[in-house]
Every structure is written in C-alpha cells, then in structure tokens.
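My questions concern the predicted model and sequence given below.
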Amino acid sequence: MKSISIDNITEAVIKHGDGGKTHPRVYEIYTSLVKHLHNFVKEVNLSEQELDLGRNFISKIAHPNPQMPDGEITMLTDILGISQLVDLLQHQHDGTVTESALLGPMYVADAPERKMGDCIGIDEDGDKLFMTGYVSDTSGKPIANALIEVWQTNSKGLYDLQNPNQPQGNFRGRFHTNTDGKYTFETVVPMNYGIPANGPSGEMLRLLGRHTRRPAHIHFKLSAKGFTSLTTQIYPSDDPYLDSDTSFAVMSSTIMKLQKHNQSKPFYTTEFDFILSPTA
Ligand SMILES: [Fe+2]
C-alpha cells in the first residue's frame, strides 16, 4: 500500500467520496470543498492548537443564539460575504432590473395586509417618511396588482420580532400596486443597527477590528404573475455605514434619497421605482 503523505492525502480523500452512487453535483461540491480546505490548512500551516480553536469555534457557531432567529451560522455566512456572493451569482445583476439583496432573518410571510397609502407602523419618536414609486417591467410598462411586502426597523434600529415594546406586525405590510403600477405608504425613517454580537460571530468581528453595523434599510419582496420575484433592500443615501455594511449587501442602485420637509415637525419623502424581469 501507498503511505499517506502531504502530497497524496487530498487525492485520497476525494477518491473516497466517490462511492459509485454519489450524485454528480454532491461529488463536485465535495471535491472542491476538500481541495480548498486542504489547501487552506497547507497555506497557513495550521497548528494543532489552531485546529482546536477552529473546532471550538464551529461547535459554538452551532449553538442557538436567542437574539438571532436564523442563528449564528447564517450570521457567519453573512459577515464572510458568502450569502451576498451566492445572491450575486444566482440573480440578475446586469443593470436592467432592480438588484437583489439578502432576505435576512426578519422576514415573516404573514405580514398585515395594508391599503395604498397606509402607515405600516407606530413609533412616536420616529421621523415620518412617505415613500412612493412604481413597479414596471424592463420596457417601462407598469405592473398592476404586484404584491409588495415591506418590513423594516423602527427609528431605534429594532424589528418587531426583537422588541417586546412593538406590537406584532409593526413596520410590516403587504400592499398591491394599482393599475398604474404605483405603490405608496407611510412609515418612519429606519435606523442602522448592529447584528447580535454576543456570540462567536461577534467575537470574530472584534478579533478582526470590524464593526457590527448594517446601514439603515427597508426590505422589499415583490411578486407578480409572469415575473421573477425580487427580494431587495433600499438604503437612505445619508447612512454612515453604506460603504462598510457588515453583510456586504449594499448596491449603488438600491439607494434612495430622502427629501426633508421642514415643518413644525419635520418629515421626509422619497421615491423608488422597481423593475422586474419577466420569467424565462
Ligand atoms: Fe434588515
């Protein structure tokens, strides 16, 4: 038999993954993963102590984090840019349609049904924001009756799911566009927030000297018959974290400019149009 060595161990592990019945895609992913992991170990010349640290980190990552419904594993893939990289690879980002972004862990499918112009949440401290726009296809033709699901934080950077002081469904809504493809609703200006940093992902960010902030945003999910659904996030243009989002999800095309109106109590307006691609 041939002794296992630094030079042949990768090949041996890959060969063991082909049991004759392995699905070709599973084998492709397995092969690449083994190659990259082995190369990584060799490249950094990983010590036994560092391997143990890595094992502990992975075991801590698997523990549930009560502050994060999707858990530490999702958060880790977000802060390593893996979630957004997969999103970029799998969605159309060619400038013809609105660019997509991560769904995130705060989506709920059964948000309250709202009527055109409704206010989506209660927040006495927030600055009022009136948002409007159109949904159209790539030729500019309006899409009537498109479902728009919207969710965001309050003015303190908290979602209803994270905050017992907010009623369930606060700053969430489901709207339908009118015959002109128009939507409009009332809300408050959202606030940037830190992802939960009490677990191993937060510990890693601290070791790297990285902050935990996501720039303020409003989440949107748009669906219409005959069109590919779009999940995205829209960001106020004045947020200080646009260039350093901890989840790497900001696109220059998904930034909105808020117009301030100086009344006795100032409020803001903004417009944002969405373009959907027809299903192939
Ligand atoms: Fe979010």
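Looks like it came in fine.

going forward, measure contacts and count neighbours with C-alpha atoms only.
Will do.

So for stretch 255-274, mean pLDDT?
Stretch 255-274 carries an average pLDDT of 95.

just how off-centre is that stretch within its chain?
24 Å (Cα atoms, centre = their mean, to the nearest Å).

Quick check: buried residues in it?
Residues 255-256, 258, 267-269, 272, 274 are the ones in stretch 255-274 that count as buried (16 or more other Cα atoms under 10 Å).

residues making contact with it?
Residues outside stretch 255-274 that contact it (Cα atoms under 8 Å, 6 or more residues apart in numbering): 97-98, 127-136, 189, 234-238.

Just the helices from the stretch 151-280 of the chain, written as ranges.
200-207 (DSSP state H, counting those that start in this stretch).

follow-up on the earlier one: of all pairs in the buried residues of stretch 255-274, which one is the farthest apart?
The span of the buried residues of stretch 255-274, defined through Cα to Cα, is set by F267 and F274 at 23.3 Å.

Let me see the contact set for T228.
Applying Cα under 8 Å, 6+ apart, the residues near T228 are 276-279.

Just the buried positions in the longest helix anywhere in the chain, please.
Scanning the chain for the longest helix, with DSSP state H as the assignment, gives helix 24-44. Residues of helix 24-44 classed as buried by neighbour count (16+ other Cα under 10 Å): 27, 30-31, 34.

picking up where we left off before, out of the buried residues of stretch 255-274, the closest to F220 would be?
F274 (9.9 Å).

Just list whatever residues bridge to that closest one.
For F274, the beta-bridge partners under DSSP bridges are V135.

Next, count neighbours for G104.
Other residues near G104 come to 16 when the count uses other Cα atoms under 10 Å.

returning to what we had before: same list as before, the buried residues of stretch 255-274 that is, but in CSV and with distance to L208 included.
Output for these, formatted as CSV (distance: Cα to Cα, whole Å):
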residue, distance to L208
I255, 28
M256, 31
L258, 33
F267, 38
Y268, 37
T269, 38
F272, 36
F274, 36
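
Can you flag which of those belong to strands?
Cross-referencing the buried residues of stretch 255-274 against strands under DSSP state E gives 255-256, 267-269, 274.

any idea which helix or strand carries S3?
For S3, there is no host helix or strand (DSSP states H and E).

any low-confidence regions in the stretch 151-280 of the chain?
Residue ranges of the stretch 151-280 of the chain with pLDDT under 70: none are present.

quick one: the strands in it?
Assigned by DSSP state E, counting those that start in this stretch, the stretch 151-280 of the chain shows strands spanning 172-176, 182-188, 193-194, 213-214, 218-223, 230-236, 255-256, 259-261, 267-271, 274-275.

Are we agreed that L85 is in a helix?
Yes: counting by DSSP: H, G, I helix; E, B strand; the rest coil, L85 is part of a helix.

Near it, how many other residues are there?
When neighbours are counted by other Cα under 10 Å, L85 comes out with 15.

so how far is N163 from it?
According to Cα to Cα, to the nearest Å, L85 and N163 sit 30 Å apart.

still on that earlier bit, nearest to E43, out of the strands of the stretch 151-280 of the chain?
Closest among the strands of the stretch 151-280 of the chain, once you apply Cα to Cα, is strand 213-214, at 31.1 Å.

Can you give the distance of that closest one from its chain's centre?
11 Å.

strands paired with that strand, and their directions?
Using DSSP bridges, strand 213-214 pairs in its sheet with strand 193-194 (antiparallel).

show me what contacts N154?
By Cα under 8 Å, 6+ apart, the residues touching N154 are 121, 123, 126, 171, 188-191.

now with 10 Å?
N154 makes contact with 121-127, 160, 163, 166, 170-171, 187-192, according to Cα atoms under 10 Å, 6 or more residues apart in numbering.
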